[in-house]
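Student: Please find the sequence and the predicted model below.
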Amino acid sequence: MRSAGIIPNLDKLGAREITLRVAGWLEENGFRVWMPPREAVAVGREELGAPLSSWVSSVEMVLVLGGDGTLLSAARSIAPSQAPLLGVNLGRLGFLTEVELPELFRVLPTILRREYNLEERMMLEALLYRGGQITQRLLALNEVVVAKGSFARLVSLHVTIDESYVDTYPADGLIISTPTGSTAYSLSAGGPIVNPNLEVMIITPICPHTLYSRSLVIASSETVKVQISPIYPGSNLTVDGQYGVALEPGDEIVVRRAESSVRLVRLPGWNFYEVLRRKLKEGDSRFQ
């Protein structure tokens with residue numbers, strides 16, 4: 001029997017009803033359906049609930065019902081298993097998601113026939129060294145950010161790449177992003193847009209107090225080390241804008257390409273430049 005997972009963001013308007021409809025459609029078409037336990041109970045289908053570790057490596061794909069944030073969170077949990085993700089946009093911009101809600105049930109038969117492609121996206125691994133020991137090991141699909149917190153003072157960010165000294169940036173922080181993340185926080189900070197099929201990392205300082213600081217695009221095989229001083233209250237390391245760790249004096253952050261990658265389901269005809277043009281214009285129109 002074919003099987004599929006569903007990870008819904010039940011905080012989205014109408015998400016409970018959509019989740020039940022998707023689960024029912026999959027079951028009617030011969031799929032065994034799985035969900036995380038909390039979400040399964042919340043939609044009244046507790047019999048579908050099981051820990052991710054027990055099903056995610058065996059499913060044909062995981063349908064992520066939410067927005068970009070939901071997909072980012074799911075990617076960090078699911079990437080090591082290599083289960084493909086189909087993002088269904090229940091939010092606003094939906095840059096990473098593949099299907100808009102009004103198109104979902106028109107598209108599902110295409111998925112049933114396996115008429116789709118899989119696009120592999122690189123991820124980052126951030127290691128936090130404290131006292132010479134690794135205390136945190138974090139995955140990111142979009143970006144790793146080292147930032148000073150809310151204090152209105154600059155910090156110095158000492159950056160090396162493969163042990164070669166690059167610069168010490170007086171800034172509010174530093175973004176290290178994947179090509180996927182080049183259209184997120186890095187773009188807002190003045191970084192370049194990078195085709196997600198490339199395997200590079202982008203280093204972008206946040207509000208640097210210099211006339212010459214620019215983003216750096218480096219090879220994905222290189223390793224970035226960052227030290228921040230001084231450490232103000234609220235200084236932190238965050239991944240994908242969703243999970244953060246408070247920094248302490250003497251901490252060192254090492255960022256490199258992760259062994260895991262994310263596999264995204266893409267329908268025939270998907271084109272990055274078309275999505276870029278359409279979605280960024282939509283993002284502007286929300287404020288007009």
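Tutor: Structure's in. What do you need?

Student: Tally up the residues packed near the closest residue in space to Pro268 that isn't next to it in sequence, please.
Tutor: Spatial nearest neighbour of Pro268, chain neighbours left out: Glu115 (6.5 Å); criterion: CB to CB, 6 or more residues apart in numbering. For every residue, glycine as well, the C-beta is placed using N, CA and C. Per other CB atoms under 10 Å, the neighbour tally for Glu115 reads 11.

Student: Am I right that Glu115 falls within a strand?
Tutor: No - read with DSSP: H, G, I helix; E, B strand; the rest coil, Glu115 is coil and lies in no strand.

Student: Give me the distance between it and Leu267.
Tutor: Using CB to CB, to the nearest Å, Glu115 is found at 8 Å from Leu267.

Student: same thing with Ala74?
Tutor: 19 Å.

Student: same check, this time on Arg106
Tutor: Look at Arg106 and Leu267: by CB to CB, they are 11 Å apart.

Student: Look at Ala74 and Leu267 and report which has more neighbours.
Tutor: More neighbours surround Ala74 than the other of Ala74 and Leu267, with 26 against 15 (other CB under 10 Å).

Student: Would you map the strands across the stretch 101-250 of the chain?
Tutor: Counting by DSSP state E, counting those that start in this stretch, the stretch 101-250 of the chain has strands at residues 117-130, 133-140, 143-147, 155-161, 164-171, 173-177, 200-206, 216-219, 224-229, 236-239, 243-246.

Student: which one of the ones you listed lies closest to Val33?
Tutor: strand 117-130 (20.7 Å; CB to CB).

Student: mind checking pLDDT for Phe287?
Tutor: Phe287 is assigned 35 on the pLDDT scale.

Student: scratch that, Tyr185 is what I was asking about
Tutor: Predicted confidence (pLDDT) for Tyr185: 96.

Student: pretty sure it is touching Ile175, no?
Tutor: Yes - counting by CB atoms under 8 Å, Tyr185 touches Ile175, with 5.6 Å between them.

Student: Show me what the lowest-mean-pLDDT helix or strand in the chain is packed against.
Tutor: Across the helices and strands of the chain, mean confidence by mean pLDDT, DSSP states H and E is lowest for helix 272-285: a mean of 75. The contact analysis (3 or more CB pairs under 8 Å, 6 or more residues apart in numbering; DSSP states H and E) places helix 272-285 against no helix or strand.

Student: Now do it: distance to the chain's middle.
Tutor: Centroid displacement of helix 272-285 relative to its chain, using CA atoms, centre = their mean, to the nearest Å, is 18 Å.

Student: Measure how that helix sits relative to strand 117-130, angle-wise.
Tutor: On the basis of axes from the mean of the first three to the mean of the last three CA atoms, to 10 degrees, helix 272-285 is oriented at 70 degrees to strand 117-130.

Student: Name the residues of helix 272-285 that come out as buried.
Tutor: By 16 or more other CB atoms under 10 Å, the buried positions in helix 272-285 come out as Val275, Lys279.

Student: Give me the residues contacting that helix.
Tutor: Here helix 272-285 makes contact (CB atoms under 8 Å, 6 or more residues apart in numbering) with Leu93, Gly94, Phe95, Thr183, Ile193, Asn195, Pro196, Asn197.

Student: Which one of the residues you listed sits in the busiest neighbourhood?
Tutor: In these, the most neighbours by other CB under 10 Å go to Thr183, 25 neighbours.

Student: Domain-wise, how is the chain divided?
Tutor: When the chain is parsed with automatic domain parsing, its domains come out as 2-116+267-285, 123-259.

Student: Now find how far off-centre the first one is within its chain.
Tutor: The reference is to domain 2-116+267-285. Chain-centre distance of domain 2-116+267-285: 14 Å, with CA atoms, centre = their mean.

Student: Report the buried residues of stretch 208-227.
Tutor: Result for stretch 208-227 [16+ other CB under 10 Å]: buried residues Pro208, Ser213, Ser215, Leu216, Val217, Ile218, Thr223, Val224, Lys225, Val226, Gln227.

Student: any idea how far Ser57 is from the first one?
Tutor: Which is Pro208. 43 Å.

Student: which ones are touching Met201?
Tutor: Leu124, Ile176, Ser177, Thr178, Val217, Ile218, Ala219, Ser220, Glu222, Val224, Val255, Arg257.

Student: do the same with Val255
Tutor: Counting by CB under 8 Å, 6+ apart, Val255 has contacts Leu124, Glu125, Ala126, Leu127, Val144, Ile176, Met201, Thr223, Val224, Lys225, Val226.
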